[in-house]
Every structure is written in C-alpha cells, then in structure tokens.
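Visitor: Sequence and predicted structure, then a few things I'm wondering about:
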Amino acid sequence: MAGSGAVNAFDPLDILASLKPLKFRGIEVPCLSNSIKVGQNLVEHNQYGVAGGEQENTCRKSAHLSFTIPFRAGIVWKPSLYPKVMRDFWNACCDGTTGPLSHPEFGLMDVKVGDFDLTWQPNARDGADMNVSFVETIEKGLRIELSASSPITYASSIADELEKLGPMVKLPSFDNSTGTTLKGALAKIKGAMLLAQMSAASLLGDIESTIGGVNNLIDFASSLTDPAAWPVVAGLKNIVSALMQIETQLGTDAGKKKKLEIKYTTTDASPTLVASQFGTNLEDLFKANPSLAILDPVPSGTMVFVFVK
C-alpha cells in the first residue's frame with residue numbers, strides 16, 4: 001500500500017533526521033553533529049628476532065567528545081537559542097571546573113571543557129555555530145549544584161520570559177542607573193560578575209538599584225486587575241530572590257556585611273511606622289524599597305525588603 005504520507009515499516013529510522021539534544025550544566029541545546037573518541041593505553045612488549053610484539057592493555061583513556069551546536073534563532077527552542085542560550089552556554093564553557101554532561105547517546109558523565117569556538121557566517125545571519133570539545137573525567141565529590149542554573153542565569157531566564165508577557169499587561173519600561181530594561185540591567189550584573197570588571201561595592205550598588213527597580217514593577221503589576229499580570233508578579237519576585245542570593249554570596253558592601261530579608265506588613269501603616277516595626281530607618285527602607293516613598297499608608301501584605309543589621 002502506498003500513499004503520499006505512507007511510511008514503510010521496514011525502512012530504518014534516520015537517526016540524523018532531527019537535531020539531537022545534549023545538556024551541559026543544566027543547559028540543553030541541539031546537536032548538529034557529534035563524535036566521541038576513546039583511546040586505549042597499550043604497552044608494547046617486543047622480543048628480539050620476533051616480528052610484532054605483545055600488546056598489554058593497561059586501561060582505556062578518557063573519552064573525548066566533540067559537538068557542533070547550531071545557535072540559530074530560526075530553530076524553535078525555548079528560550080531562544082540566539083543569543084540567549086548561546087551566551088549562557090558560552091559562559092558555562094568558560095567555567096574550568098568539572099561539570100555534568102548529559103550525552104544524547106551515552107547519558108550522564110562528568111567532564112571538563114576542552115576547546116570551544118563560535119563561527120558567524122555571512123550566509124547565515126540568524127546566529128552562530130559552536131564547536132566544543134569535552135574530556136571525560138572522574139572526580140569524587142562533584143557538587144550537585146553544578147548541574148543547576150546560577151542565580152543570575154536563573155534571573156536572566158525569567159526576565160526573558162517576562163519580556164514576552166510584558167506587552168500583555170503593558171508594564172512600564174524598567175529605568176534606573178543599571179540600564180533601560182530589566183533584561184539589560186541583569187545582563188550588566190552578569191557580565192560584571194563573569195569578568196570581574198566592578199568592585200564588590202559597585203556591583204552591590206547595581207544589584208540594590210536593580211532590586212529597587214524590580215520592586216517598582218512588582219507594585220505596578222500587583223495593582224493591575226488583568227490575570228495576565230499574576231505570572232509577571234510571581235516572576236519578578238523570583239528575580240528579586242535570585243538577586244538577594246547573589247548579594248548574600250558577595251558578602252560585603254564597602255567593607256560591611258549587608259543582607260536583605262523579606263518581610264510582609266500585617267496592617268496598613270505609614271513608611272515611618274513600617275521602618276520602626278522592622279527595626280530599620282527610613283533611609284535604608286527607601287533604599288531597599290524605592291516604591292514605598294510614594295505610598296502612605298503602605299498596604300497590608302506588602303512585601304518589604306529590610307537590611308539585616
């Protein structure tokens with residue numbers, strides 16, 4: 001029986017008909033092609049007057065894995081492969097520590113990154129192709145956190161999704177000293193952390209400013225009656241949580257410890273009373289929560305960030 005859509009049950013499936021995924025440090029990407037090479041450690045024992053010799057196998061060598069990854073905006077992927085996933089994957093490869101690789105054929109293994117490169121071509125303007133090699137390694141005590149996204153990568157990912165939801169609820173543009181968009185502000189913080197271009201005090205200042213800007217968006221989105229705003233509020237709160245983790249990890253601001261705790265108001269109260277209830281002053285309250293400066297009273301149930309003494 002034949003037809004335009006008929007499939008012969010005896011035809012072998014084409015394993016290259018689709019892009020196979022691999023995952024490294026929790027980031028999944030498609031493979032255009034991949035290869036694996038394994039050598040054997042052979043000791044050759046020769047004997048005088050005898051052609052050839054005995055080959056003694058002492059063990060196999062580490063597997064070397066090579067992948068070509070198409071970071072192309074034209075490939076349907078979530079989030080977009082170019083430039084979002086490409087940047088995250090590139091940053092993951094810049095980390096020289098051992099990380100988990102999920103191979104599309106052989107499953108999970110611990111690896112270190114070898115060589116990697118990106119190529120842009122004039123006849124393919126929707127992204128770039130990456131060649132990357134990994135070397136199998138065996139190390140005890142590999143931390144499980146290595147397979148999870150870092151707080152800043154997680155926050156950037158949420159911002160990418162919120163950008164798609166924003167027009168649905170007409171969110172105002174994010175505007176403070178760190179950038180004109182929330183995504184841009186997080187990108188600046190992420191770049192500074194990766195390249196160590198800023199002092200801890202300057203970086204913490206940008207993080208605090210970004211937290212303040214996100215708080216403004218939370219207040220605005222919370223005031224909307226459109227149900228589409230609900231996931232936006234949840235996403236923004238997750239971004240604040242991620243930024244607070246980064247701030248805690250940095251550990252210092254101009255020589256003094258500074259951490260933020262989340263509090264919730266239980267009654268309608270003035271900013272002065274809120275500051276008093278949470279053991280802080282108005283200056284620090286407004287620094288961590290710029291939106292409270294225009295609220296009087298502050299509504300019950302408002303999320304407030306308080307510096308820990």
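Guide: The structure has been received and is ready for your questions. Numbers count the residues shown, from 1 in each chain.
Visitor: Can you check my assumption that Leu273 lies in a helix?
Guide: Yes - counting by DSSP: H, G, I helix; E, B strand; the rest coil, Leu273 falls inside a helix.
Visitor: And Gly96, how far from Ala63?
Guide: Gly96 sits at a distance of 19 Å from Ala63 (criterion: Cβ to Cβ, to the nearest Å). Using the backbone N, CA and C atoms, a C-beta is placed for each residue, glycine as well.
Visitor: between these two, which one's more packed in?
Guide: Ala63 (17 against 8; other Cβ atoms under 10 Å).
Visitor: Show me where the stretch 151-300 of the chain has its helices.
Guide: Counting by DSSP state H, counting those that start in this stretch, residue ranges of the helices within the stretch 151-300 of the chain are 151-169, 182-195, 200-222, 229-250, 271-277, 282-288.
Visitor: Now render these as JSON lines, adding mean pLDDT and distance to Val308.
Guide: Below are the helices of the stretch 151-300 of the chain laid out as JSON lines (pLDDT from 0 to 100; distance: least, Cβ to Cβ, whole Å):
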{"stretch": "helix 151-169", "mean pLDDT": "73", "distance to Val308": "18"}
{"stretch": "helix 182-195", "mean pLDDT": "74", "distance to Val308": "21"}
{"stretch": "helix 200-222", "mean pLDDT": "79", "distance to Val308": "14"}
{"stretch": "helix 229-250", "mean pLDDT": "78", "distance to Val308": "10"}
{"stretch": "helix 271-277", "mean pLDDT": "86", "distance to Val308": "14"}
{"stretch": "helix 282-288", "mean pLDDT": "77", "distance to Val308": "11"}
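Visitor: Would you convert the ones you listed into a markdown table that also reports mean neighbour count and distance to Pro30?
Guide: Formatted as a markdown table, the helices of the stretch 151-300 of the chain follow (neighbours: other Cβ atoms under 10 Å; distance: least, Cβ to Cβ, whole Å):
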| stretch | mean neighbour count | distance to Pro30 |
| --- | --- | --- |
| helix 151-169 | 18 | 18 |
| helix 182-195 | 19 | 23 |
| helix 200-222 | 20 | 32 |
| helix 229-250 | 18 | 26 |
| helix 271-277 | 17 | 50 |
| helix 282-288 | 16 | 42 |
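Visitor: nearest to Asp117, of the ones you listed?
Guide: Smallest distance to Asp117 across the helices of the stretch 151-300 of the chain (Cβ to Cβ): 18.1 Å, for helix 182-195.
Visitor: Show me the shaky parts of the chain.
Guide: Regions of the chain meeting the criterion pLDDT under 70 cover residues 1-20, 139-150, 166-171, 175-180, 193-202, 249-260, 290, 293-294, 309.
Visitor: how's it carved up into domains?
Guide: Domain ranges of the chain: 20-40+55-143, 149-251, 258-309, per automatic domain parsing.
Visitor: With distance to Tyr48 added, can I get these in CSV?
Guide: As requested, the domains of the chain are exported to CSV (distance: least, Cβ to Cβ, whole Å):
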stretch, distance to Tyr48
domain 20-40+55-143, 17
domain 149-251, 59
domain 258-309, 74
